[in-house]
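Student: build the 3D model from these lines:
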Amino acid sequence: MRIGRFTVIDDAIVDDQDVLTNFFVQHDDAGKPRAECIVAGLGELNPDARGVAVVRAPADVLGSCESSDTDLVSSASLVIACGLPDALVHDLGLRCWQLGTPLIVAGAAGFMASIRTVVPEHAVVESHAEMKQDLRLTAPFPALLSHVDGIDLDTLDPTDLGHVPFAVIIVKALQKWAAANSLVLGKDTIDIPYRRIGEVRDIVRAMAPVSDEENFVEAGKNLNANCTAYEIAFEVSQIIGDAAAAETSTSDSSNDADLQAFPSTSLLSDNCSKDKFWLMAKALRRFTESEYAKGVLPLSGTIPDMKADTKSYIALQRIYKQKADEDKAEFSKHIRDVLDSAGLPQDYVSQAEIDTYCKNARRLRLLRFTPIHTELKNKPSNIDELAFSEALYQYVMFRSSGMFFEKHKRYPGVPDEGDNVDLDELVAADAAELEAVGNGLLVSWGIADQTVPSGLAAEFARSGHDELHNIASLIGGVIAQEAIKLITHQYVPANNMCIVDGAASKIHVARV
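Tutor: So this is what the prediction gives:
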């Protein structure tokens, strides 16, 4: 996936300050429309992407009823708003929320910067989340158990014994441990507490021909990750337990606590009936509840590197691949049934999409964000979480600066055009007002036991909401990274606010 088209909406004219601070404008651009200069600069980075400059005020475009203007938002895959006043962010946020279009709102004030991501729902299939191995050694499927039983470690010569994959060694050790505890591996649930894993480790050591045999040492190191009972990740359990993946409608299942893992909205319920992620989530739920799967997810079919010879490794790999293909075929039956029930064609979900979904089934992630338009009119939705966040004061200052702008039509520390005032006095007065506004917000939000540090308010006023080169560069990189995540649905974006504190060299992530 790539960026095919982008649009820059800006009515500003390039001035001396832009020449000094904006990477995409040159000295010769002074006096030209900034949007056109930026589009030309961005076009040099990626000639395959087509850029369009709209030399108009964002407020005019957003307030227009012309189809050409409304389509700018409705047809967008992503909207990025930088340095806009809160009133405009409110209107833009409301429109994007209603359309389900992802929105990133960014602002900077000296050494501080904020990035807010807004979208009703964002599903990620390829999250690339770091997880422990899924080898199913405590509950081996029949083909794996048959493969292990066909290997007699006692009859192997030292060379072959030194090339047995650690997965086989662990299953052998678990069989002995289970027998010693009146259990049968493959039939009974095996869930070894951490304090007893040492018993299995002793069995592995006793099986090793010498204490430093590499594959047996490797088996010992992998016991902690492979001696507990199979468990579906909490994030995946939330997804398949969500009302959107249920057989009944949201209204019929409102009393089921498991189905309320995420808040739902009418917008989401309207889209779920044809959304491929949720169609496959419903099929995944059916799969896990089936007699075939008995509560487990489709196997990915991949195995980690192991100390083994090529023949042994490929033989084991083939076992897992075959099982993954069987699970995929079973899952495909369920997705076909789901598509039939939804009145959708069988090719609505491609085989490639099914393959990707099954391969990443245990890494599925779902994020539901909070709307920024209600946040700006009222208070943050997650005020209890925000109250204990390191980003609280910076967030309050950005909100206070927005309110200051709405009142004075200028940001703190910025004199009105043509005013001949003492900047030090202006900054001091604005900082005092900004601090008072911030403390008033804290009281209204029920966080009366905390107050805004006066030094932070002074820093915001002193900055005049100017963008510093290094901070702008940093948040530009963060925005680009989050934008790629939102567009490609790969990796997990921050949910939902990111505060950059350049003075302390920290980045805080919090939900608001």
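Student: now do the strands in the stretch 1-150 of the chain.
Tutor: Taking DSSP state E, counting those that start in this stretch as the criterion, the stretch 1-150 of the chain contains strands spanning 5-9, 50-54, 79-82, 103-109, 112-118, 122-124.
Student: of those strands, which is nearest Ile499?
Tutor: Minimum separation from Ile499 across the strands of the stretch 1-150 of the chain (C-beta to C-beta) falls at strand 112-118, 5.5 Å. C-beta coordinates here come from the backbone N, C-alpha and C atoms, glycine included.
Student: which secondary structure elements does the top helix by length along the chain contact?
Tutor: Criterion DSSP state H: the longest helix present in the chain is helix 310-342. Packed against helix 310-342 by the contact rule (3 or more C-beta pairs under 8 Å, 6 or more residues apart in numbering; DSSP states H and E) you find helix 142-149, helix 166-180, helix 276-289, helix 351-359.
Student: Serialize the ones you listed to CSV and add fields for mean pLDDT, mean neighbour count and distance to Glu433.
Tutor: Below are the helices and strands packed on helix 310-342 laid out as CSV (pLDDT from 0 to 100; neighbours: other C-beta atoms under 10 Å; distance: least, C-beta to C-beta, whole Å):
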stretch, mean pLDDT, mean neighbour count, distance to Glu433
helix 142-149, 97, 16, 69
helix 166-180, 97, 22, 66
helix 276-289, 97, 22, 47
helix 351-359, 97, 17, 54
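Student: so which of those helices is nearest Thr7?
Tutor: With C-beta to C-beta, the closest approach to Thr7 among these belongs to helix 276-289: 27.1 Å.
Student: could you export the strands of the stretch 1-150 of the chain as TSV, including mean neighbour count and distance to Lys359?
Tutor: Below are the strands of the stretch 1-150 of the chain laid out as TSV (neighbours: other C-beta atoms under 10 Å; distance: least, C-beta to C-beta, whole Å):
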stretch	mean neighbour count	distance to Lys359
strand 5-9	17	31
strand 50-54	17	34
strand 79-82	19	31
strand 103-109	24	29
strand 112-118	24	27
strand 122-124	21	14
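Student: now those strands as CSV including mean pLDDT and distance to Gln450?
Tutor: As requested, the strands of the stretch 1-150 of the chain are arranged in CSV below (pLDDT from 0 to 100; distance: least, C-beta to C-beta, whole Å):
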stretch, mean pLDDT, distance to Gln450
strand 5-9, 96, 38
strand 50-54, 96, 42
strand 79-82, 96, 29
strand 103-109, 96, 20
strand 112-118, 97, 18
strand 122-124, 97, 31
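Student: show me what contacts the residue nearest to Thr288 when sequence neighbours are not counted?
Tutor: Leaving out its chain neighbours, the residue that sits closest to Thr288 by C-beta to C-beta, 6 or more residues apart in numbering is Gly295, at 5.8 Å. For Gly295, the contact set (C-beta atoms under 8 Å, 6 or more residues apart in numbering) comprises Tyr230, Ile232, Thr288, Glu289.
Student: for Gly438, state which of those is nearest.
Tutor: Closest to Gly438, out of all of those and judged by C-beta to C-beta, is Ile232, at 43.7 Å.
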